[in-house]
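1. here you go, sequence then predicted model.
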Protein chains: 2
Amino acid sequence: MSDAATDIDDLIALMARLPGLGPRSARRAVLHLVKKRSILMKPLAEQMGRVAATARECTLCGNISGTELCAICASEARANGELCVVEDVSDLWAMERSGIFKGRYHVLGGTLSALDAVGPDELRIPRLVARLAPEGVREVILALGATVDGQTTAHYIAEQIEPHGIELTSLAQGVPIGGELDYLDDGTITAALNARRAF
Amino acid sequence: MSDAATDIDDLIALMARLPGLGPRSARRAVLHLVKKRSILMKPLAEQMGRVAATARECTLCGNISGTELCAICASEARANGELCVVEDVSDLWAMERSGIFKGRYHVLGGTLSALDAVGPDELRIPRLVARLAPEGVREVILALGATVDGQTTAHYIAEQIEPHGIELTSLAQGVPIGGELDYLDDGTITAALNARRAF
C-alpha cells in the first residue's frame, strides 16, 4: 500500500524536474494522469519509453532523430548550399515551423560562454567548419539569439568561416510582425532604425 | 527517420494535455527529456508505466492507492472516529502534508453542481453515509472549499448526516497564517471578524 504512495511520490519528484513544472504543478499533473490512467497515462508512458529508446542526435547536424542521420540531413532536396546555424534544437524546430527555410541546419548545442566554460569544442563549431567543403555550402546563415553570448558566438563563427570564402549572413533585426513600437525596447528600435530600407 | 520526428510530435501532443503545460511548454519539456534521456526520460517513462499499471481508487474512501484499500483506510491506528470529507485527492494530500489530522478521509471526487449535472450519486455521498455506522464515526469534519459549490455540497452532506446524530464540524475560516490584512478579500475579513475569539 505504502508502495503505491511511494511510487506516486517518486513520479511527482521526476515530473517536478521538467522545465516549467514545480512540485505543486507536478502534483497536479500526476493527479490528472492518475485520473486518466487508460486514456492518457499509459499512452504517455509508452510513447515516452519509445522516444527514450530511439531518440538520438543526428551525427551531422545535432538535430534529434531516430537514426544516425536526421530526416533533413538525409534529404538530398535540402542540400541546396544553404546552412542555417542555430543554438539549439528548439530553434531548429521554430525555423521548421515557419516552413520558409529549405536548406540544412547545424545545431551548436548552446553559445560560447566564458562564465560557463563553454568553448568552441563543446559547441560543434569544428564540426560546422568540417561540413562546409564536403557539402558544397555556399551560404552560412547565422540564426543565433540577439544576446551577448549569441552575438559573441556569431563573431567567433564568422572568424572561422572567413578563410573558406563562403557567404555569411545573419537574420535581420527589427520590429517583429504584429509588434507595437510602444512596447519595443530601445535596442530593437535602434536596430530597426539603423537597418531601415526604402518603402 | 520521419518516424522519430512523428514519435516526438506525438509525445509533445500527449504532454500538452497535462494541466499547466501548453504546446510551447510541452515542446520545451520534451526537448529537456530528450537531452536527459538516460537520467530522466527512461526513469520517468518506467515510473509512469508502473503507476499507470498499479494505481487505482481506494474502494472505501476514494484515495489513490495500489491496493483495494489505501494505506490510511487499512491502518487501524487511523480509525479514531474522525472522518474528514474532502473534494479531491489533492485536498487529501494537502491535509496529509500538514500532518495534523490523524483520522480517516472520504474523497467526494468533486462538488455538487447543477450546471455540470453533478448529483449526490456522482460524488460518493451515499458511500459516505454508508460508512458512518460500520466504522463507528463520531465526528465528520467537512474540509470543502469555501466556494459556492463547496458550501452547497457541505449543506447537502449536513442534511444527510443529521439523522445519524453524529457531530458535524467544518474547517475554520479566517486570516491565513502569514496573511496580511491589506491583501485579504472582504469575504475573508468578514468571516474572520464574525468568528473572532478571546485573545
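-> That came through, no problem.

2. how about the strands in chain A?
-> All strands of chain A, identified by DSSP state E, fall at A:56-57, A:64-65, A:82-86, A:104-107, A:139-142, A:167-170.

3. who does the second one pair up with?
-> Strand A:64-65 has the following sheet partners, assigned by DSSP bridges: strand A:56-57 (antiparallel).

4. so which residues make contact with the partner strand?
-> Contacts with strand A:56-57, where a contact means C-beta atoms under 8 Å, 6 or more residues apart in numbering or on different chains, come from A:Asn63, A:Ile64, A:Ser65, A:Gly66, A:Glu68. Glycine gets a C-beta too; all of them are placed from N, C-alpha and C.

5. need the buried ones from those selected in PyMOL.
-> Remark: buried members of the contacts of strand A:56-57, expressed as a PyMOL selection using 16 or more other C-beta atoms under 10 Å in any protein chain shown:
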select buried, chain A and resi 63+64+65+66
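
6. could you work out the most separated pair of the contacts of strand A:56-57?
-> A:Ile64 and A:Glu68 (12.5 Å; C-beta to C-beta).

7. spit out the residues that contact those two alike.
-> Counting by C-beta under 8 Å, 6+ apart, the common neighbours of A:Ile64 and A:Glu68 are A:Arg56, A:Cys58.

8. in the lowest-mean-pLDDT helix or strand in chain A, what counts as buried?
-> Using mean pLDDT, DSSP states H and E, the weakest-scoring helix or strand in chain A turns out to be helix A:2-15, at a mean of 83. Buried positions in helix A:2-15, judged by neighbour count with 16+ other C-beta under 10 Å: A:Ala4, A:Ala5, A:Asp7, A:Ile8, A:Leu11, A:Ile12, A:Leu14, A:Met15.

9. ok, and of these, which contact chain B?
-> Filtering those for proximity to chain B by C-beta under 8 Å from any C-beta of the partner chain leaves A:Ala4, A:Ala5, A:Asp7, A:Ile8, A:Leu11, A:Leu14, A:Met15.

10. how far away is A:Glu122 from B:Val129?
-> For A:Glu122, the distance to B:Val129 equals 65 Å [C-beta to C-beta, to the nearest Å].

11. my bad, A:Ser90
-> Counting by C-beta to C-beta, the gap from A:Ser90 to B:Val129 is 54 Å.

12. tell me which of the contacts of strand A:56-57 has the lowest pLDDT.
-> Taking these together, the minimum pLDDT is found at A:Gly66 (85).

13. does that residue really touch A:Ala52, like I thought?
-> No - using C-beta atoms under 8 Å, A:Gly66 is not in contact with A:Ala52; the gap is 11.4 Å.

14. returning to what we had before: contacts for the least confident helix or strand of chain A?
-> Helix A:2-15 is contacted from outside by A:21, A:23, A:26-27, A:29-30, A:34, B:40, B:43-44, B:47-48, B:50-51, B:54-55, B:64-67, B:70-71, using C-beta under 8 Å, 6+ apart.

15. excluding chain neighbours, what is closest to A:Val175?
-> A:Ala192 (4.9 Å; C-beta to C-beta, 6 or more residues apart in numbering or on different chains).

16. number of nearby residues for that neighbour?
-> 17 (other C-beta atoms under 10 Å in any protein chain shown).

17. ditto for A:Cys61
-> Using other C-beta under 10 Å, A:Cys61 has 25 other residues around it.

18. thought it was touching A:Arg104?
-> Yes - contact criterion C-beta under 8 Å: A:Cys61 and A:Arg104 qualify, at 6.5 Å.

19. list residues touching both of the two?
-> In terms of C-beta under 8 Å, 6+ apart, A:Cys61 and A:Arg104 are both contacted by the residues A:Ile72, A:Cys73.

20. return the residues in contact with the nearest residue to A:His164 once chain neighbours are set aside.
-> Among residues not flanking A:His164 along the chain, A:Leu132 sits closest, at 5.4 Å (C-beta to C-beta, 6+ apart). Shown in contact with A:Leu132 (C-beta under 8 Å, 6+ apart): A:Leu83, A:Val140, A:Ile161, A:His164, A:Ile166.

21. residues contacting the nearest residue to A:Gln151 once chain neighbours are set aside?
-> Nearest residue to A:Gln151, sequence neighbours excluded (C-beta to C-beta, 6+ apart): A:Leu144, at 7.1 Å. A:Leu144 makes contact with A:Val85, A:Val86, A:Glu87, A:Leu108, A:Thr111, A:Gly150, A:Gln151, A:Thr153, A:Ala154, A:Ser170, according to C-beta under 8 Å, 6+ apart.

22. what of A:Ala45?
-> Applying C-beta under 8 Å, 6+ apart to A:Ala45 gives the contacts B:Ala45, B:Glu46, B:Met48, B:Gly49, B:Ala52.

23. pLDDT score assigned to it?
-> Note on A:Ala45: pLDDT of 95.

24. repeat for A:Leu83
-> The model reports A:Leu83 with a pLDDT of 95.

25. coming back round to it: which one of the contacts of A:Leu132 is nearest to A:Gly179?
-> Of those, the one sitting nearest to A:Gly179 (C-beta to C-beta) turns out to be A:Val140, at 27.5 Å.

26. what sits against the closest one?
-> By C-beta under 8 Å, 6+ apart, the contact list for A:Val140 reads A:Leu83, A:Cys84, A:Val85, A:Leu132, A:Ile157, A:Ile161, A:Ile166, A:Glu167, A:Leu168, A:Thr169.
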